[in-house]
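J.: structure for this input, please:
(one chain, ligands or ions: 1)
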Amino acid sequence: MTTGPAGYLSGLFSLEGRTALVTGGSSGIGRAVAGALARAGARVVVLARKEAELAATVAALTADGCEAGWVSADLSTREGIGAGAEAAAAVFGEPDILVNSAGINLRPPLGELGEEVWDTTMTVNLEAPFLLGQRFGPGMAERGHGRIIHITSQQAHRAFVQSGAYGVSKGALESLARSQAEAWSPYGVTVNTLVPGFVMTPLNQRLSSDPEKVAALAARTLTGRNGLAEDFAGAAVLLAGPASASITGHSLFVDGGFSVH
Ligand SMILES: NC(=O)c1ccc[n+]([C@@H]2O[C@H](COP(=O)([O-])OP(=O)(O)OC[C@H]3O[C@@H](n4cnc5c(N)ncnc54)[C@H](OP(=O)(O)O)[C@@H]3O)[C@@H](O)[C@H]2O)c1
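T.: Got it, this is the predicted structure:
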């Protein structure tokens, strides 16, 4: 039984006793989400390629009293995805929460977009979330509880600054969320997407180093500013926790109103 505001809030949002895997958890939005889930009580495994960034992320979380571990894996090949999944499950056990934030943003003009860019984009942005879902979704369903969160993009909904293969991968990722929700939500697994606007992270270094473009993008929002990785903390805790038991197959825009302006 819960007592007082703290107990009430923990009943809605606490992730105590849960294990989370956050791909791309060493940078940008993924790092902010991993921090939020860990501070809400989950044991968190962050997965990416670069060991130094992974170790620094985990060190910062551990210093804050959180339980965290890391796995270095390359999600641009099926072998890498499979090995990464097994290594991640070996850290704290099978995850109850899967966040797919790892993503790449290669957007040459469509006429120049070759098969290599197409293949790599689809593997990291779409196939990894699919294969990690295949690996962990059925177990979540069997245990009667799970949360899957994908990070998509404005390009899942509209063509914009050379959407190219990236937009296709993100559009498909939103469809994947609905397919996964259809398959596993009857068994307590919810599957949703967070849709960023323009967020200042290493992913879009080229764009974010152009002050005019940054200002123009901020002007397209209703809040008057571009996104910050920390903007995703509350939404991620909601979609990872008990309060979202009845939210599934949903795309939640965390974009300062970019998409409705
Ligand atoms: N920033 C934005 O404006 C924005 C807008 C819309 C959507 N998004 C989406 O939000 C998500 C996070 O983006 P972000 O801006 O936070 O990007 P970020 O700061 O560049 O972080 C990307 C993360 O993915 C990991 N990663 C990239 N390729 C990988 C691979 N082959 N294998 C394993 N890990 C890999 C990176 O680590 P390593 O390099 O060490 O592997 C890093 O941890 C992405 O899915 C992105 O498409 C971002």
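
J.: report the contact partners of the spatially most central residue of the chain.
T.: In the chain, the centroid-proximal residue (C-alpha atoms, centre = their mean) is Ser101; its distance is 3.1 Å. Each residue near Ser101 by C-beta atoms under 8 Å, 6 or more residues apart in numbering is listed here: Val22, Thr23, Gly24, Gly25, Gly28, Ile29, Gly30, Val33, Ile151. Just so you know, the C-beta spots here come from the backbone N, C-alpha and C atoms, and that holds for glycine as well.

J.: in the longest helix along the chain, what's buried?
T.: What stands out as the longest helix in the chain, according to DSSP state H, is helix 164-184. Within helix 164-184, the residues scored as buried using 16 or more other C-beta atoms under 10 Å are 164-174, 176-178, 180-181, 184.

J.: any idea how far the residue nearest to the centre of the chain lies from the ligand?
T.: 5 Å (C-beta to the nearest ligand atom, to the nearest Å).

J.: pLDDT at that residue, what is it?
T.: Note for Ser101: predicted pLDDT of 98.

J.: point out where the protein drops to low pLDDT.
T.: 1-2 (pLDDT under 70).

J.: in it, which spans are helices?
T.: 4-13, 28-39, 51-63, 78-92, 115-122, 128-143, 164-184, 205-208, 211-219, 233-240.

J.: look up how far the ligand lies from the residue lying closest to Ala73 once chain neighbours are set aside.
T.: Once flanking residues are discounted, Ala73 sits nearest to Gly84: 2.8 Å by C-beta to C-beta, 6 or more residues apart in numbering. To the ligand, Gly84 is 7 Å away according to C-beta to the nearest ligand atom.

J.: quick one, what contacts Gly84?
T.: Contacts of Gly84 by C-beta under 8 Å, 6+ apart are Thr23, Leu47, Val71, Ala73, Asp74, Leu75.

J.: same question for Glu182.
T.: If you count contacts by C-beta under 8 Å, 6+ apart, Glu182 has them with Gly249.
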